[in-house]
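J.: no FASTA, just this:
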């Protein structure tokens, strides 16, 4: 059973800006084939990001992260997609 994915407007804008087709495909694959299928494979954050889970992947020698929440074991809103550099500072700003 796949979970419902509800991307935030920030994520939709971010994905639209990506020019490299293979990178966009990899991000969508992680979101819809990995996170949607088993969101608990990600890493749950602690402290002030306690409700946030992240899953990372590497593409072209760059680390990317996807942040999401698991609500009622059904809906996974995707908050932020981006490179590892300053990812968590940006995530805290968005929350």
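T.: The structure has been received and is ready for your questions. The structure displayed is predicted, hence computed values, not measured ones.
J.: which residues does the closest residue to residue 32 other than its chain neighbours bridge with?
T.: Leaving aside its sequence neighbours, residue 32 sits nearest to residue 5 (CB to CB, 6 or more residues apart in numbering; 6.3 Å). For the C-beta atoms, the positions are set from N, CA and C on the backbone; glycine is no exception. In this structure, residue 5 bridges to residue 76 when assessed by DSSP bridges.
J.: next one: residue 58
T.: Beta-bridge pairing for residue 58 (DSSP bridges): residue 63.
J.: count of neighbours near it?
T.: 10 (other CB atoms under 10 Å).
J.: before we move on, what about residue 50?
T.: Around residue 50 there are 8 residues (other CB under 10 Å).
J.: wait, what's in contact with it?
T.: Residues counted as contacts of residue 50 (CB atoms under 8 Å, 6 or more residues apart in numbering) are residue 44.
J.: and residue 20, how far is that from residue 64?
T.: Remark: distance between residue 20 and residue 64 (CB to CB, to the nearest Å) = 12 Å.
J.: looking at those two now, which is surrounded by more residues?
T.: Using other CB under 10 Å, the more surrounded residue of residue 20 and residue 64 is residue 64, with 19 against 10.
J.: surely that one meets residue 85?
T.: No - Residue 64 is beyond contact range of residue 85, at 10.1 Å (criterion: CB atoms under 8 Å).
J.: show me where pLDDT drops low in this protein?
T.: By pLDDT under 70, the chain has no low-scoring segment.
J.: most centrally placed residue in it?
T.: residue 66 (2.1 Å; CA atoms, centre = their mean).
J.: wait, what's in contact with that residue?
T.: So residue 66 contacts 27, 30, 31, 35, 54, 55, 56, 57, 78, 80, 81 (CB under 8 Å, 6+ apart).
J.: please identify the helix or strand for it.
T.: strand 62-68 (DSSP states H and E).
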